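>>> Structure here, sequence nowhere to be found:
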């Protein structure tokens, strides 16, 4: 079972993406609406992946990635970002972010992200 946390203040925008993740029987998705909640879940339940949306009220996504790594160095992260792939790579260098997601990710983005996660975890779940 893959434990995934989605931190977003935009549940309507993220609905297709969340549905894409949830439709996979191997995924247990937990949605939170703040960076503080994402940190608490990472501390208490060691999720396989934390997805951070842009525009969280209490944290910038890449700042939150750094905090998550301090809480659980093994957690994988993905970030919704308006930056281009190149700009994002530059901004997130050294943070080990699994991937950048577009501003309004959909079901296809969810499937692609799950494929990446499974490769990183060596097919475990």
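Arrived safely. Note that this is a predicted model, so its numbers are computed, not measured.

>>> other SSEs contacting the lengthiest helix in the chain?
Identified as the longest helix of the chain according to DSSP state H is helix 107-120. Judged by 3 or more Cβ pairs under 8 Å, 6 or more residues apart in numbering; DSSP states H and E, the packing partners of helix 107-120 are strand 2-7, helix 15-22, strand 49-52, strand 76-80, strand 99-101. Heads up, the C-betas are built off the backbone N, CA and C, glycines and all.

>>> let's see 7 Å
Judged by 3 or more Cβ pairs under 7 Å, 6 or more residues apart in numbering; DSSP states H and E, helix 107-120 is in contact with helix 15-22, strand 76-80, strand 99-101.

>>> now, of these, which is deepest in the fold?
Comparing the helices and strands packed on helix 107-120 by mean neighbour count (mean count of other Cβ atoms under 10 Å), strand 76-80 ranks first with a mean of 24.

>>> Mean confidence (pLDDT) on that strand, please.
The average pLDDT within strand 76-80 is 97.
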